[in-house]
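Asker: sequence first, predicted model second:
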Amino acid sequence: MKLLTSTALAATLALSLGSFSANADVCLGMACMYNRMTPVEGIDATMGEITQALKSINDNAGADAIIENIKEALKLSKEINANDKVDRNRNRANDSLKKARGAVKEGDLPKATEQLKEAEKRFAELKTMLDLTLDDRVSQQTPMINRILDTPDR
């Protein structure tokens, strides 16, 4: 009886563990909450939502539709995660989005348009910061790193 119980328990465990796919996208910790796209893709997606919000303002859409676009842009901006410098400037761009959302709630669409254009400009500047960080990494390579990466010294 004891052998039968042990066998049944082992079989149940094997089946329950085997039912989860080993190829599943396993992600642990806070990094899984965001980072579903690269920083450049995140910037492009955020700018797309800002453009959509500007288009909604020009089409005289309701305040709810414009606010929804701004909220989506704020949510997508969380995907932009490269380094501290980019993150600080992303937060500044988010401030413009939040001011635009407040202006829409107050009914001040010209101010909201101005803030959205400012946010769009700031998000576009983030791309240049990403390019700089990649150049910085290349310029800071040392001979030891080059040996590890098996690349020639400059």
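Answerer: Nice, I can see it.

Asker: going forward, measure contacts and count neighbours with C-alpha atoms only.
Answerer: Noted.

Asker: show me where this structure has helices.
Answerer: Using DSSP state H, the helices found in the chain span residues 2-18, 39-58, 63-77, 84-106, 109-139, 143-149.

Asker: show me where pLDDT drops low in the chain?
Answerer: Applying pLDDT under 70 to the chain flags residues 13, 15-35, 131-154.

Asker: quick one, phi psi at the most centrally placed residue in it?
Answerer: Among the residues of the chain, the one closest to the centroid is E79, at 0.5 Å (C-alpha atoms, centre = their mean). As for E79, its main-chain torsions (degrees, to the nearest 10) stand at phi -80, psi -20.

Asker: if we can go back for a sec, dump the helices of the chain into JSON lines; add mean neighbour count as well.
Answerer: Output for those, formatted as JSON lines (neighbours: other C-alpha atoms under 10 Å):
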{"stretch": "helix 2-18", "mean neighbour count": "11"}
{"stretch": "helix 39-58", "mean neighbour count": "20"}
{"stretch": "helix 63-77", "mean neighbour count": "19"}
{"stretch": "helix 84-106", "mean neighbour count": "18"}
{"stretch": "helix 109-139", "mean neighbour count": "17"}
{"stretch": "helix 143-149", "mean neighbour count": "12"}
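
Asker: farthest from the middle of the chain: give me that residue.
Answerer: M1 (55.8 Å).

Asker: for that residue, give its distance to T7.
Answerer: 10 Å (C-alpha to C-alpha, to the nearest Å).

Asker: what does A82 give?
Answerer: For A82, the distance to T7 (C-alpha to C-alpha) stands at 51 Å.

Asker: in PDB, list the C-alpha atoms belonging to stretch 96-116.
Answerer: C-alpha atoms of stretch 96-116 as PDB (Å, rounded to 0.1, in the frame of the first residue of the first chain):
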ATOM      1  CA  SER A  96       4.500  67.300 -20.100                       C
ATOM      2  CA  LEU A  97       2.000  64.500 -20.800                       C
ATOM      3  CA  LYS A  98       0.500  64.900 -17.300                       C
ATOM      4  CA  LYS A  99       0.200  68.700 -17.800                       C
ATOM      5  CA  ALA A 100      -1.600  68.000 -21.100                       C
ATOM      6  CA  ARG A 101      -4.000  65.600 -19.400                       C
ATOM      7  CA  GLY A 102      -4.700  68.200 -16.700                       C
ATOM      8  CA  ALA A 103      -5.300  70.900 -19.400                       C
ATOM      9  CA  VAL A 104      -7.800  68.600 -21.200                       C
ATOM     10  CA  LYS A 105      -9.600  68.000 -18.000                       C
ATOM     11  CA  GLU A 106      -9.900  71.800 -17.500                       C
ATOM     12  CA  GLY A 107     -11.100  72.200 -21.100                       C
ATOM     13  CA  ASP A 108      -8.000  74.200 -22.200                       C
ATOM     14  CA  LEU A 109      -7.200  72.400 -25.500                       C
ATOM     15  CA  PRO A 110      -4.700  74.900 -26.900                       C
ATOM     16  CA  LYS A 111      -2.600  74.500 -23.800                       C
ATOM     17  CA  ALA A 112      -3.000  70.700 -24.100                       C
ATOM     18  CA  THR A 113      -1.800  70.800 -27.700                       C
ATOM     19  CA  GLU A 114       1.200  72.900 -26.700                       C
ATOM     20  CA  GLN A 115       2.100  70.400 -23.900                       C
ATOM     21  CA  LEU A 116       1.700  67.400 -26.200                       C
END
